[in-house]
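**Q** This is a predicted model, with the sequence first.
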Amino acid sequence: MICLDALSVDFDERFQLHDINWTIQPGEHWLIAGANGSGKSALAAVLAGEGTHLSGTLSGVPDRVALVSYERQAELIEAERRKDDADIMDVVSEGTPVAEIIDADCHDPDLAQTLIDTLGLRPLMGRAFRKLSTGETRKVMLIRALTSQPDVLVLDEPFDGLDHNSMAWLQDHLSALAEVMPMVIVLNRFDECPDFITHVAYLENGQLLHRVDRDNERAYAELYQLLHLKTSGLEIPAADPAARLPALNPDAPLVRLTGASVRYAENTVFEDLNWTIEANQSWQLSGPNGSGKTCLLSLITGDHPQCYVNDIMAFGFQRGTGESIWQIKQFIGYVSTALQWEYRVGTGLRNVIISGFYDSIGLYTKSTDTQKAIADEWLALLGMSERADEPFNTLSFGDQRLVLIARAMVKHPPLLILDEPCLGLDDMNRQLVLALVERICLDSETTVLYVNHREQDRVPGIDNHLTLTE
Amino acid sequence: MANYFNTLPLREQLAELGKCRFMHLDEFDEGVDALRGKKMVIIGCGAQGLNQGLNLRDSGLDVSYALREQAIAQQRQSWKNATENGFTVGTYEELLPTADVVLNLTPDKQHTNVVNTIMPMMKHGSCLSYSHGFNIVEEGMQVREDITVIMVAPKCPGSEVRAEYVRGFGVPTLIAVHEANDPNGEGLALAKAYAVGTGGHKAGVLMSSFIAEVKSDLMGEQTILCGMLQTGSLLCFDKMMEEGIDPGYASKLIQYGWETITEALKYGGVTNMMDRLSNPAKIRAFELAQEMKDIMRPLYWKHQDDIMTGTFSKTMMADWANDDSELLGWRAETAETAFEKTPAGDTEISEQEYFDNGILMVAMVKAGVELAFETMTSAGIIAESAYYESLHETPLIANTVARKKLYEMNATISDTAEYGCYLYNHACVPLLGDFMKGIRSDVIGKGLDVADNAVDNARLIEVNDAIRSHPVEAIGGVLRGHMADMKRIV
């Protein structure tokens, strides 16, 4: 059993892993996943004894750990180059031939010969190692690792740079090997995850955030989605050019509340509140439970009946002067737990997203082809393309939240209101939602009004804060 | 006051009964314009009053609430409802003289009193709106000649009227203009704008008459909608007890069975509901329904006759005058029935099982829907009205039974519906007594005990033809087609 206990590791002050807690039990095969720069390769390298331990402990690592990685590959090539430079004889050195490199740490010559043929390296055996192409070098590294009879095999992006046939062969070979040898594999692409993998470790910013048992299908799917949102090159889909919103006066604030108050017979929720939301000025709204955050938002959305007895200017309308609620709602995208509760429909996901164009719960109008195409782009961004026709009410709570955020954003509203978008979500789903919100904040011109009371759920790009007190 | 309907000559009675048309969405292109800037004052801040007001205001209209002085002084629930929702609240004297449209959303039995009180305060040329025509048609209320009288009746409980609006949809709505009170010819425009203001146009609007609304609404609610479900629940439960079915199972089969069965009815009429049964069960249900129709036909006729002649309303108003003594007594009896007192068990019942083990319930729905429809149309009510007041609304009541069982269902529906429901139930339970003696658990509780689903071809064809060619299926196909154009795309 390999055990990392609160382990922090430094890599030449360039990168650090923080407080890693991780146990690899016998019989487990792990995949290490995460976005670029999250620390995947570093964690793999730690198992091979690299990095300087700052604190915590690493125990149970067996004697022989074989690591195949770009770093190792680069080191070996670098060593070859130095060998060349260091030659004091005035002759042109060819460097170490491939055959020698393979033999250096070979414990299974028969296997080595088979692999040389299988991977098509036979004609290259006499050539200098450093003259090989990247893909060829990678094959040599793999042969070295596989023939070294290690106790643990650690492969960092093993399929990278391999041609199709070699990749298929390697996958089969690893599957067979998995019967007898524990493996840890680093992959950028989750969908390449080999079948024998039993667990997934997810890293972000040098921290090991999730350890997911692959048998836990839901957690595995969520992790897949999270990685998709973090790593896919997809962008926030554009608005529907045919459904352009009425133009707003660019110099006027989006919303202005003057001396706002909400009162019930028994209590006053808040009073004399002044608040102006300018365009492109995102806000975070916080305050303890019961301080009236949702109440304040619903004055803006028009869902609170007392919006009619307050001085509210919203999107060019002085509220209560004959405007309809739909004229207000067209400018707002809105997500909250309450909305999610309201949204108990069997409508398919695509139509749920399209319903954002109409501000309706459920879809009551025939949608256009453009709207369908935009909805499909959103589903692709969420990693839910396959699920476009699944009924909304059969989704997990976290997936529902993601779809509702897409619904809120689909029309690119001038104002997006996210009322505790992470409420009721577990850690993984919280990160999923935050990843999506972060992309929205970065990729669009929507002004975001973000309500939460968890300090760690901050979103980059939101600079203004309004705090309500009890 | 005389019964208004009875003062009309027969040809006018028939003409009014025959009014009902499904309106097209493009007839509502003017939106709420006819009401824009007008002062709308609502009387009655119960579920309908409050929720319609919220919708109308959210549609950009000017809404306030007139309450009695005591209600304001004592800060009663109606006052709280209106003020906490940010509405202007005032006394009749304060608000009515300047009102352009007065919405009377009080319970039926208060109408005479309310209208007599407010009429002198209403300004010349204003509009009075009802959501049910009982006061005009049955009680013969005479409204001042300069006042326009319209009806806008959302066909759902108030809470749903609001919930559907908030979702961006609406509930089916019936509108009408009282021909005797349309001095400026603006009644229809006002009624349409009002229907748009509540969101009803999105779900479908029927243009009817006060008379057609009252005579069909009363008939539907007391027979198939509430009466048949009440009688059916009691009879089916008692039979299952007799047959040794587990009480929790029996209670659940009935409480949720009506809803499940009528969901199929809602989507595809009697045909689809019957098609959910196996072939042998379908033939059995068909035969049971035929038998019950023959037994119950005179009862449906009697209900319709009493409604047409005004006997029903006279009887009920006598009970109003007697402090609802009959109504309250019957309501208490309902609470004491075995079905009501047996909670639903926690056995899982699949959607299909409700059909398979509830063949008699399917037969009862079929018999009730067809009889109510046949009786209404034979009495001069147009097929459209008859369809809505029989088949279309049955699932709504079934849904109430699923949520609240009988006692609460009765407390939720209008007093008028409840009174009629008890009248029906008291006559129908003994009427079906002999019939029920022949019933066994194969048609209620357990399902048919057959080796296979073989049936005689000729008989099946005969039965299918009879089901599909009933007139309620013809009109239902047309109306459901209209609705589907507008309905949510799910």
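**A** Yep, it's here.
**Q** And the residue lying closest to A:Ser166 once chain neighbours are set aside, how close does it get to A:Val186?
**A** In space, and not counting its chain neighbours, A:Ser166 is closest to A:Leu119: 5.7 Å by C-beta to C-beta, 6 or more residues apart in numbering or on different chains. C-beta coordinates here come from the backbone N, C-alpha and C atoms, glycine included. Between A:Leu119 and A:Val186 the distance is 21 Å, computed by C-beta to C-beta, to the nearest Å.
**Q** Go through chain B and flag its longest helix.
**A** Assignment by DSSP state H gives helix B:279-309 as the longest helix of chain B.
**Q** in stretch A:269-277, what counts as buried?
**A** Neighbour-count burial for stretch A:269-277, counted by 16 or more other C-beta atoms under 10 Å in any protein chain shown, picks out A:Val269, A:Phe270, A:Leu273, A:Trp275, A:Ile277.
**Q** no, scratch that, I was asking about stretch B:101-119
**A** Of the residues in stretch B:101-119, B:101-106, B:108-109, B:111-112, B:114-115, B:118-119 count as buried by neighbour count, 16+ other C-beta under 10 Å.
**Q** Just flag the most distant two among those residues.
**A** The widest separation within the buried residues of stretch B:101-119, taken as C-beta to C-beta, falls between B:Val101 and B:Lys109 and amounts to 23.0 Å.
**Q** Pick the one among the buried residues of stretch B:101-119 closest to chain A.
**A** Minimum distance to chain A across the buried residues of stretch B:101-119 is 15.4 Å, recorded for B:Val101 (C-beta to the nearest C-beta).
**Q** for the closest one, phi and psi?
**A** Here the main-chain torsion angles of B:Val101 (degrees, to the nearest 10) amount to phi -130, psi 130.
**Q** May I have the beta-bridge partners of it?
**A** B:Met40, B:Cys127 (DSSP bridges).
**Q** Please tell me I have it right and it contacts B:Ala34.
**A** No - taking C-beta atoms under 8 Å as the contact criterion, B:Val101 and B:Ala34 are not neighbours in contact, 9.8 Å apart.
**Q** shared neighbours of those two, which are they?
**A** Contact with both B:Val101 and B:Ala34 is made by residues B:Leu190, according to C-beta atoms under 8 Å, 6 or more residues apart in numbering or on different chains.
**Q** Which of the helices or strands spans the nearest residue to B:Met240 once chain neighbours are set aside?
**A** In space, and not counting its chain neighbours, B:Met240 is closest to B:Ala250: 3.8 Å by C-beta to C-beta, 6+ apart. Following DSSP states H and E, the helix or strand that holds B:Ala250 is helix B:247-275.
**Q** helices or strands next to that helix in the packing?
**A** Judged by 3 or more C-beta pairs under 8 Å, 6 or more residues apart in numbering or on different chains; DSSP states H and E, helix B:247-275 is in contact with helix B:229-242, helix B:279-309, helix B:351-356, helix B:359-378, helix B:394-412, helix B:457-468, helix B:471-486.
**Q** Show me the contact partners of the fifth one.
**A** For helix B:394-412, contacts defined as C-beta under 8 Å, 6+ apart pick out B:155-157, B:224-226, B:229-230, B:233-234, B:255-256, B:258-259, B:261-263, B:265-266, B:331, B:334-335, B:337, B:339-340, B:365, B:368-369, B:413, B:418, B:421-422.
**Q** Pull out the buried residues from the residues you listed.
**A** A residue is treated as buried here by neighbour count (16+ other C-beta under 10 Å); on that basis the buried members of the contacts of helix B:394-412 are B:155-157, B:224-226, B:229-230, B:233-234, B:255-256, B:258-259, B:261-263, B:265-266, B:331, B:334, B:337, B:339-340, B:365, B:368-369, B:413, B:418, B:421-422.
**Q** Nearest residue to the residue of chain A found nearest chain B in space, ignoring adjacent ones along the chain?
**A** As assessed by C-beta to the nearest C-beta, chain B sits closest to A:Ser360 within chain A, at 2.7 Å. Ranked by C-beta to C-beta, 6+ apart and with sequence neighbours excluded, the top spatial neighbour of A:Ser360 is B:Gly168, at 2.7 Å.
**Q** and if you look at B:Ala285?
**A** Nearest non-adjacent residue to B:Ala285 (C-beta to C-beta, 6+ apart): B:Ala363, at 4.3 Å.
**Q** which ones are touching the one you found?
**A** By C-beta under 8 Å, 6+ apart, B:Ala363 lies in contact with B:Arg284, B:Ala285, B:Phe286, B:Leu288, B:Ala289, B:Met292, B:Val443.
**Q** From chain A, how far out is the nearest residue to the fourth one once chain neighbours are set aside?
**A** Among residues not flanking B:Leu288 along the chain, B:Ala363 sits closest, at 3.8 Å (C-beta to C-beta, 6+ apart). Taking C-beta to the nearest C-beta, to the nearest Å as the measure, B:Ala363 falls 29 Å from chain A.
**Q** before we move on, back to that, show me which of the contacts of B:Ala363 is closest to chain A.
**A** Of all the contacts of B:Ala363, B:Ala285 has the smallest distance to chain A: 28.0 Å, by C-beta to the nearest C-beta.
**Q** So the closest one sits against B:Met364, correct?
**A** No - with contacts counted by C-beta under 8 Å, B:Ala285 stays clear of B:Met364, the gap being 9.3 Å.
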